[in-house]
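>>> sequence first, predicted model second:
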Amino acid sequence: MEYPDHNGPPAAVNVNVGPWALVAHRCLCRTRTGERCKRKTRHLSRVCYQHRDLYMPEEILEMVNRRRPRCQAITLKGLQCSRDGTRNYVLQYCTQHYGIHAEPEVQSD
């Protein structure tokens, strides 16, 4: 991805991660027939190379900035869960890990 003035990524992009992730996700776009694209991508916008050509660089950057945060849970292998966290809760856990890490409800007498 080319950046304006070739001074590197804008401040909104996390430089440690860059535009690429370690985990591949299925492209979010639709094909001409209306079916979801079957290509996998590691780009943080979650749009494959073919569909990224349809967007302006500013739109791709906006997609990267709007992504949902990753689940904060650590798997048994010691790696961070690759699922999307949910914004409904204070802690960012996916639906699989939220029940494990949620505080038990306190019942008053």
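On my side now, so go ahead.

>>> quick check, residue 97 in contact with residue 76.
No. In this structure residue 97 lies outside contact range of residue 76 using Cβ atoms under 8 Å: 11.9 Å. The way it works is simple: take the backbone N, C-alpha and C, and place the C-beta from them, glycine included.

>>> which one's more surrounded, those two?
When residue 97 and residue 76 are compared for neighbours, residue 97 comes out ahead with 19 against 5, by other Cβ atoms under 10 Å.

>>> spatially nearest residue to that one, not counting backbone neighbours?
Closest residue to residue 97 apart from its sequence neighbours, by Cβ to Cβ, 6 or more residues apart in numbering: residue 73 at 3.8 Å.

>>> with residue 52 instead?
Once flanking residues are discounted, residue 52 sits nearest to residue 60: 6.1 Å by Cβ to Cβ, 6+ apart.

>>> so residue 64: helix, strand or coil?
Put simply, residue 64 is helix when judged by DSSP: H, G, I helix; E, B strand; the rest coil.

>>> with that, I have no additional questions.
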